[in-house]
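Undergrad: Let's see this in three dimensions:
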Amino acid sequence: MINGNYIWQVGSTQEVDDNYDEFHHVILQLLKKRGIVTPEQIHGYIYPKLDNLYDPMLLKDMDKAVVRIKEALSKKQKVTIYGDYDADGITSCAVLMKLLKNLGGTVNYYIPSRLDEGYGLNKDAIDMIHKQGTKLIITVDNGISSCEEVQYASSLGLDVIITDHHEPQQKMPQAAIAIVDPKREDCSYPFKELAGVGVALKLACALKGKDLKFGKELLELAAIGTVADIVPLLDENRIIVKNGLDDLGNTKNLGLKAMMNLLNLNDISIEPGKISYLLAPRLNAAGRIANPEIAVELLLCEDAKRAFELATTLERINQERQTLEAKILDEAKTVIEQEIDLDIENIIVISSANWHPGVTGTVASKLVEIYSRPCIIISEKGDEGRGSGRSISGFNLFNALSKLSHLLIRFGGHEQAAGLSIKVENIGTFRRELNQLFVQDTVQKDASPKLDIDLELNQSDINLKLAEQLELMKPFGYGNPKPVFMCRNLHIQNLRTVGSGDKHLKLNLKSHENNIDAIGFNFGLYKEDLDMATIMDAAFYLEVNRWKGSIEPQLNIKDLRVPFFRDELLLDVENNYYRYFYSYLNVLNGKSIRTSSEDKLINEDNMLILKNKRIQAKIGYINSLLKAKSKVMIAINTPYKAWQLLTYLREDDDLRNRAKVSYCLDLPAQSHDYNVIAVNPLAICNNKNFEDIVFYDTPFSVDILKKQLAEVPPNSKTHILFEREDLRYNYLVCQQILPSINELKVVYQMIGKLTLGTFEGSLNINEFRNLLQKQSGIDMHLCRLINVFKIFQEIGIIKLNIEDGFFHILGHEKHNNKFQLERSKTYLHLYLLKRNVVEFYNKFQILQSDIFMNVEEIEWT
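TA: Numbers count the residues shown, from 1 in each chain. The predicted structure is shown next:
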């Protein structure tokens, strides 16, 4: 089997208004999970219009900032935009440069060197700016923590306006003329999550209004910076990004056009993912390892030839950054493996004098992905280190640094990302105390990678209508992630590897009554295993695939699970299972069960429930029982769960010989001499000789379960290992043996064709199955095909014998294409069986509280 690369965390189904038919019910569920419920909220989210931007004057101190900037413009005072070296700071700088130039201002910009100056305002830079004649400094994407530096600037006669979006610390720069930051505690602005460039855009709107003549160009820059800074793409950020990227392919910005041409970004509307992985890294690269002014010049460039030169330079710098980053990542992993005890340390803090400070943030991000825990990477220079940290969901890195500020020279950032400076001699203490904080904050430590799945879809929901409506939720990104779905029991029709080196996997799956294509990037290695699989569970994005005029839904697979392989073991198990299946089918329909178990009580005293139902825990628990001296019966209801257990047991010679497999109702007389794995739905009825009885999976109905629990001998211990999802395999058995109405029609028509309308003659069963699949696409299990012919015989439309691998058809009766299925005992029994499974599934949670309320749960890892 394939257990997948992640632990799947599946969100619960949401109740939504059935009368709201404009959108698919899945869309409404997704929006409700994101707190978007009312018609106004839904339409505001689906159709994010610029008119819905908030009044910029709602930002605290915006009025003061506007007054001072207009004064500088009217007096022709020189203004310096003081930026930051990342993409957010670079685009923020470009926004205000373009705006103030458009307003006739005398303006320049300054961005500190990451290597020589570090983040934020510094006194040397302020001295230089002062000497150049500047009267007003406007910070963008920085400044909220620069109390001392702003005071120094003020002492020189410089006015400072702070525009920032970072978390304020205990003190803010009191000497500033204005501090515009939505995260100020005393700021009542409705949306707190603007990027630095978002705050700069709000300042632009305040200065000139929403009707900027060149507002589209500023909006493009704001969209790029917002995506690059990984702020939630909700509310105003969603409006900015949606409107800024929708027509980015037609940008008038020569620098952006040159870079996008270099990257072959030729689409009219650019996805945020392409900004994050293609455009933003190149803007960031200049600030990380070179001169950030190259990136600002690119965005301000008004000469196409020069724009191409700058774009080419940024591409070369980015390639150097990638090489440097890969080298440091390898070194960091070596340090972690040699020096960090991951069983003890929940946060990784490592440092080196050989690491470039410009890439510590990106390396930290990659280490978080690898080790599933917060990481801080520190570059040492002399007695001081500068580091970048990235966190995981549930641990606020900025708050943690605030509590350890006594060990730091300076720090800043957000919940998930932060930067810091620290004395090298304090790194060890910082590492120890930060890990202690992690434990105190009661963040659950679990290094197992997890995949958050929004919803489980029914197969009938996987269609083009839903795929197209999902596009209305764009742009996707941080805070508005692309929905991840899962679906069970997707039938694999065919598959092949594609791409260079056969790295990727292309599949055709049967979903409900339709075939659907799927692509699994970097899943090529799974092909050999999937060749032996008939069904799979998939976690995926549902997308629209537009190719050569064709528009189809497509699954973009993120993870997959295969519950069983159709190998020799499964074929053998199935053959034995179905051979005995029909002998107890009459009992399984439930009629004889209700009367026999009415008055029997279930003994809860000798019952245990395994809390952890993951396969590894179940196998480990069974191993412990089989190695004990007591006699054990393991009751299994479906061939697929039997295959699962037997696959694990046959890998252990000792365990394989500790139990025998039986498929029949009557266990051998000598069964009390050994442990038994009983593979049939009524196995518990023959349980007199066993001290431990294991319910490995679910019976086919609630009544059968109650009967079997009631008939456990009083001195035997009952072990409950099943869970609700095990019923899918019972349902799969029903699907394998119960034909659909359409299948009955197709088979009947094929019989007529093959017998030239006479309905007399002999048909080779295997040849008939192969022909059925070839001509109609129906891959029918042998049991189901035999049931089709039995149903035909029972409702009286054909006469036949089945023997020696042939259907011997002896004639038929004419009918009006309506099958009187109520006349078929086989069909009714199979239909009842399937209905009982569905009823059991729907009542499972109630059943747990009803039958197992007082039963002891045990852990097994």
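Undergrad: biggest helix in this structure by residues?
TA: The longest helix of the chain (DSSP state H) is helix 304-339.
Undergrad: What is that one packed up against?
TA: Helix 304-339 sits against helix 254-262, helix 280-289, helix 293-300, strand 348-352, helix 360-371, with contacts defined as 3 or more Cβ pairs under 8 Å, 6 or more residues apart in numbering; DSSP states H and E. Quick note: C-beta positions are derived from backbone N, CA and C, even for glycine.
Undergrad: So if we follow the domain assignment, how does this protein break up?
TA: 56-317, 343-434, 451-561, 568-732+851-858, 734-834 (automatic domain parsing).
Undergrad: Give me the next element, helix or strand, following the worst-scoring helix or strand of the chain on mean pLDDT.
TA: Least confident helix or strand, the chain: helix 591-596 with a mean of 47, by mean pLDDT, DSSP states H and E. Per DSSP states H and E, the first helix or strand lying C-terminal to helix 591-596 is strand 607-610.
Undergrad: Any idea how far stretch 181-191 is from the middle of the chain?
TA: How far stretch 181-191 lies from its chain's middle: 31 Å, per Cα atoms, centre = their mean, to the nearest Å.
Undergrad: What is the end-to-end distance of it?
TA: Terminal residues of stretch 181-191 lie 11 Å apart, using Cα to Cα, to the nearest Å.
Undergrad: Need the contact partners of it.
TA: With contacts defined as Cβ atoms under 8 Å, 6 or more residues apart in numbering, stretch 181-191 is touched by 54, 58-60, 144, 162-168, 172, 192-194, 199, 235-237.
Undergrad: tell me the mean pLDDT for the longest helix of the chain?
TA: The average pLDDT for helix 304-339 rounds to 95.
Undergrad: swap in stretch 623-638?
TA: Stretch 623-638 comes out at a mean pLDDT of 88.
Undergrad: Which positions in it come out as buried?
TA: For stretch 623-638, burial by neighbour count (16 or more other Cβ atoms under 10 Å) applies to 623, 625, 626, 631, 632, 633, 634, 635, 636, 637, 638.
Undergrad: The second one sits in which helix or strand?
TA: In this case it means residue 625. Residue 625 belongs to helix 615-627, assigned by DSSP H and E.
Undergrad: Does anything pack onto that helix? Which helices or strands?
TA: Other helices and strands packing on helix 615-627, by 3+ Cβ pairs under 8 Å, 6+ apart, are strand 607-610, strand 632-636, helix 639-649, helix 653-656, strand 692-695.
Undergrad: That helix vs strand 632-636, what angle?
TA: Going by axes from the mean of the first three to the mean of the last three Cα atoms, to 10 degrees, helix 615-627 is angled at 140 degrees with respect to strand 632-636.
Undergrad: related to what we said a few turns ago, would you turn the buried residues of stretch 623-638 into CSV with distance to residue 845?
TA: Below are the buried residues of stretch 623-638 laid out as CSV (distance: Cβ to Cβ, whole Å):
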residue, distance to residue 845
623, 29
625, 27
626, 31
631, 33
632, 29
633, 27
634, 25
635, 22
636, 23
637, 20
638, 21
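Undergrad: And the residues you listed, which two are furthest apart?
TA: 631 and 638 (23.6 Å; Cβ to Cβ).
Undergrad: Just the buried residues of the helix or strand where residue 838 lies, please?
TA: Assigned by DSSP H and E, residue 838 belongs to helix 825-851. Residues of helix 825-851 classed as buried: 826-827, 829-834, 836-837, 840-841, 844, 851 (neighbour count, 16+ other Cβ under 10 Å).
Undergrad: try stretch 766-774
TA: In stretch 766-774, counting by 16+ other Cβ under 10 Å, buried: 768, 769, 772.
Undergrad: of the buried residues of helix 825-851, closest to residue 795?
TA: Taking Cβ to Cβ as the measure, residue 795 lies nearest residue 827 of the buried residues of helix 825-851, at 8.0 Å.
Undergrad: Could you identify the helix or strand that succeeds the host helix or strand of residue 198?
TA: Here residue 198 is covered by helix 196-208, with elements defined by DSSP H and E. Beyond helix 196-208 in the direction of the C-terminus, DSSP H and E gives the next helix or strand as helix 215-228.
Undergrad: After that next one, which helix or strand is next?
TA: Using DSSP H and E, the helix or strand that follows helix 215-228 in sequence is helix 235-245.
Undergrad: now that following helix against helix 196-208, angle please.
TA: Using the same axes, to 10 degrees: helix 235-245 against helix 196-208 is 80 degrees.
Undergrad: what's helix 235-245 in contact with?
TA: 45, 48-50, 52-54, 190-191, 193-195, 198, 201, 219-224, 226-227, 231, 233, 269-272, 275, 474-475, 477, 479-480.
Undergrad: residues contacting residue 178?
TA: 61, 62, 64, 65, 68, 161, 162.
Undergrad: In strands only, show me the residues you listed.
TA: Within these, residues falling in strands by DSSP state E are 161, 162.
Undergrad: nearest to residue 359, of the contacts of residue 178?
TA: Nearest member of the contacts of residue 178 to residue 359, counting by Cβ to Cβ, is residue 162, at 28.1 Å.
Undergrad: nearest spatial neighbour of that closest one, skipping sequence neighbours?
TA: With Cβ to Cβ, 6 or more residues apart in numbering as the criterion, residue 162 has its nearest non-adjacent residue at 4.0 Å, and that residue is residue 143.
Undergrad: wait, isn't the one you found in contact with residue 126?
TA: No: between residue 143 and residue 126 there is no contact under Cβ atoms under 8 Å: 11.6 Å.
Undergrad: Can you pick out the residue with more neighbours from those two?
TA: residue 143 (29 against 25; other Cβ atoms under 10 Å).
Undergrad: coming back round to it: could the contacts of residue 178 go into a markdown table alongside pLDDT?
TA: Formatted as a markdown table, the contacts of residue 178 follow (pLDDT from 0 to 100):
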| residue | pLDDT |
| --- | --- |
| 61 | 98 |
| 62 | 98 |
| 64 | 98 |
| 65 | 98 |
| 68 | 98 |
| 161 | 98 |
| 162 | 98 |
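Undergrad: Report the buried members of the contacts of residue 178.
TA: Buried, going by 16+ other Cβ under 10 Å: 61, 62, 65, 68, 161, 162, out of these.
Undergrad: Turn those residues into CSV, including distance to residue 755.
TA: Output for the buried ones among the contacts of residue 178, formatted as CSV (distance: Cβ to Cβ, whole Å):
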residue, distance to residue 755
61, 89
62, 85
65, 89
68, 94
161, 90
162, 88
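Undergrad: list the contacts for residue 128?
TA: Under the criterion of Cβ under 8 Å, 6+ apart, the neighbours of residue 128 are residue 110.
Undergrad: mean confidence score for the helix or strand encompassing it?
TA: For residue 128, the element it lies in under DSSP H and E is helix 123-131. When pLDDT is averaged over helix 123-131, the result is 97.
Undergrad: The very next helix or strand once past it pairs with which strands, and in what direction?
TA: Counting by DSSP H and E, the element after helix 123-131 in chain order, helix or strand, is strand 134-140. With DSSP bridges as the test, strand 134-140 is paired with strand 78-82 (parallel), strand 159-163 (parallel).
Undergrad: okay, the helix or strand following strand 134-140 in CSV with CA atoms only?
TA: For strand 134-140, the following helix or strand on the C-terminal side (DSSP H and E) is helix 147-155. The C-alpha trace of helix 147-155 is given here as CSV (Å, rounded to 0.1, in the frame of the first residue of the first chain):
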residue,chain,number,x,y,z
CYS,A,147,13.2,55.4,18.2
GLU,A,148,16.8,56.5,18.7
GLU,A,149,17.5,57.1,15.0
VAL,A,150,14.4,59.2,14.6
GLN,A,151,15.3,61.3,17.6
TYR,A,152,18.8,61.8,16.1
ALA,A,153,17.3,62.9,12.8
SER,A,154,15.0,65.4,14.6
SER,A,155,18.1,66.8,16.4
